[in-house]
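Colleague: Got a sequence here, can you build the structure:
(one chain, ligands or ions: 3)
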Amino acid sequence: MEAVRSTAEGVIAVNGKDARAFGTEAAEAPLQQLTIKRRNPTPYDVEIEILFCGVCHSDLHTARNEWHGTVYPCVPGHEIVGRIVSVGGHVSKFKVGDLAGVGCMVDSCRECDYCQEGLEQYCEVGNIGTYNSPDKHLGIRTYGGYSESVVVDEAFVLHIPENLDLAATAPLLCAGITTYSPLKHWNVGPGQKVGVVGLGGLGHMAVKLAKAMGAEVIVFTTSESKFEDARRLGADDVVLSKDPEQMKKYTGKLHFLLDAVSAQHDINLYLSLLRVDGTLALVGAPELPLPVAAFSLIPYRRSLAGSMIGGIAETQEMLDFCGKHGITSDIEMINIQQINEAYERLLKGDVKYRFVIDMASLKK
Ligand code: NAP
Ligand code: ZN
Ligand code: ZN
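Modeller: Ligands and ions are numbered 1, 2, ... in the order given. The predicted model follows:
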């Protein structure tokens, strides 16, 4: 069958081949080995041998259907790094042997105002997620990076700086861009006090990036055991958020707060830390709504905002920024067979600070 370029106009069937992967058949079921289909590369596609894939808390939310809308089988994973093993005839950005990265999106309409502005994550038609999205090529769902390979249109593939440790670079593809984008959007920089709430995968990247952007960084954590690490990662101060006395020190003092907490928590507590015109941006996406008191916002003209990953050009900008500043993630490498245990540890906030799967383990 002739392969054709992906368009927003609907399903275009192309041939595919089997690939080994790890995923789940139901919200309550553990992840296990599965066989999925990957399309044969179209002229605009690259085929990537996946070497490492980070484990984002969104993988867990989706695998367990906490955001309602997971279609099974589900193969998570959107912090993908690997090597290009084949390229279509019209591919111009990559050649066989290049390092490559794929983040949370593999396509979008490419025509709406947002796509034209490089904000593909907010595509009016809806971006195509790396997993659990409709797959217009094979007519099934997209399957993520817990797999031996992936085929992606080169327009959604990133160049990886050669000077960074490859496994520790994988988390930049989601945790990195999800924190870089709001820090840039709200102009974080020198002279500003910036708070980071929740020292997990996203939070620890936010600390490194905000520090590299020149801000004074304060970490708010529920885990006393992370105090030393927070300072090592670059924080100027660390606050135990459960202790009202420690929290008081920053009432009305912060210019910007990035909230990267994955579970229910009281955001009114954090809003009270903002100065006049300060913003709290949510990147953490708990399953249930977070109540907000009007008087947490009104007295200081505070803003409550949200931010979703980042566009492709901005993701490349972030990777280049990390290459220049030598920034990667602090990782704990696991084999794919340890993924269910890793999810349980994520739920306990017990990760320092990102699990990364060595995809060679899939072949064991
Ligand atoms: P993670 O590594 O599990 O980190 C979450 C952190 O939140 C924990 O380490 C913990 O930090 C804190 N925490 C957990 N449970 C808590 C509770 N009950 N109360 C207070 N704090 C708690 O997760 P992640 O991968 O960084 O992801 C964080 C959130 O961002 C998830 O909801 C994920 O789905 C979302 N996300 C959003 C986007 C986006 O585009 N907006 C992209 C990626 C991920 P401490 O121990 O320091 O308290
Ligand atoms: Zn993610
Ligand atoms: Zn669009």
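
Colleague: Who does residue 81 form a beta bridge with?
Modeller: When assigned by DSSP bridges, residue 81 has beta-bridge partners residue 52, residue 101.

Colleague: close enough to count as contact, it and residue 52?
Modeller: Yes - judged on C-beta atoms under 8 Å, residue 81 makes contact with residue 52 at a distance of 5.2 Å. Quick note: C-beta positions are derived from backbone N, CA and C, even for glycine.

Colleague: which of the two has more neighbours?
Modeller: Comparing residue 81 with residue 52 by other C-beta atoms under 10 Å, the one with more neighbours is residue 81, at 28 against 24.

Colleague: Can you show me the strands along the stretch 101-250 of the chain?
Modeller: 105-107, 128-129, 149-153, 193-197, 216-221, 237-240 (DSSP state E, counting those that start in this stretch).

Colleague: is the shortest one anywhere near ligand 3?
Modeller: No - counting by C-beta under 5 Å from the ion, ligand 3 has no neighbours in strand 128-129; the shortest distance is 10.2 Å.

Colleague: Would you mind giving the strands of the stretch 101-250 of the chain as a markdown table with mean neighbour count and mean pLDDT added?
Modeller: A markdown table is the format used below for the strands of the stretch 101-250 of the chain (neighbours: other C-beta atoms under 10 Å; pLDDT from 0 to 100):
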| stretch | mean neighbour count | mean pLDDT |
| --- | --- | --- |
| strand 105-107 | 24 | 98 |
| strand 128-129 | 21 | 98 |
| strand 149-153 | 23 | 98 |
| strand 193-197 | 27 | 98 |
| strand 216-221 | 24 | 98 |
| strand 237-240 | 19 | 98 |
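
Colleague: closest to ligand 2 out of these?
Modeller: strand 128-129 (9.9 Å; C-beta to the ion).

Colleague: And the residue of the stretch 251-364 of the chain closest to ligand 3?
Modeller: Using C-beta to the ion, the single residue of the stretch 251-364 of the chain nearest to ligand 3 is residue 311, 10.7 Å away.

Colleague: which parts of the helix ranked longest in the chain are buried?
Modeller: Counting residues, the longest helix found in the chain (DSSP state H) is helix 312-325. Residues of helix 312-325 classed as buried: 312, 314, 315, 316, 317, 318, 319, 321, 322, 323 (neighbour count, 16 or more other C-beta atoms under 10 Å).
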